[in-house]
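Novice: Dropping a prediction and its sequence here:
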Amino acid sequence: MGNLYGDAGVAHLVDCLTESKLLVAAGSAPFVELAWVGKALTLLWCAAGPLAWAASQVGIGDVGIAVYGLLEMVCAGLVKLSSSTSGEIDPLMNAVAVQAIVGASWLYSSRKPSEE
């Protein structure tokens, strides 16, 4: 999972700094139009992916994944609170759904016997 989050963070950074399709789809303004706080949170969210990967390399991958997930949900909640487009999309519920899938995957893989 750390590898996937690392790749996702880099992909999100590239998107945010170019077309911002993910941010706009979530109901946010494009990265270039965000206030400095929005830009800082977006960059922190993107950096959380590679940090989750780094955490997985030193044996604390669960912590990195949890931090990434919480940060994603907080940022999505802030987008929801600040968005003027109500009803079209719910970025918070989307983020919660993604993290629920990640959590279920983690639970499944943690209970599966190791195939060594």
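Specialist: Yep, that arrived.

Novice: so where do the helices sit in the chain?
Specialist: For the chain, the helices defined by DSSP state H cover 2-17, 21-25, 36-57, 61-82, 91-111.

Novice: Turn the ones you listed into a markdown table, columns for mean pLDDT and mean neighbour count.
Specialist: Using the backbone N, CA and C atoms, a C-beta is placed for each residue, glycine as well. A markdown table is the format used below for these (pLDDT from 0 to 100; neighbours: other CB atoms under 10 Å):
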| stretch | mean pLDDT | mean neighbour count |
| --- | --- | --- |
| helix 2-17 | 93 | 17 |
| helix 21-25 | 90 | 15 |
| helix 36-57 | 94 | 18 |
| helix 61-82 | 90 | 18 |
| helix 91-111 | 88 | 14 |
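
Novice: list the contacts for the closest residue to Gly103 other than its chain neighbours?
Specialist: Counting by CB to CB, 6 or more residues apart in numbering, Gly69 is the residue found nearest to Gly103 once chain neighbours are left out, at 7.8 Å. Applying CB atoms under 8 Å, 6 or more residues apart in numbering, we find Gly69 in contact with 99, 102-103.

Novice: what about Gly69, distance to Ala104?
Specialist: 12 Å (CB to CB, to the nearest Å).

Novice: Please apply the same query to Leu34.
Specialist: 32 Å.

Novice: Same question for Gln57.
Specialist: 24 Å.

Novice: one step back: in a markdown table, list the contacts of Gly69 along with distance to Gly61.
Specialist: Formatted as a markdown table, those follow (distance: CB to CB, whole Å):
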| residue | distance to Gly61 |
| --- | --- |
| Gln99 | 15 |
| Val102 | 12 |
| Gly103 | 14 |
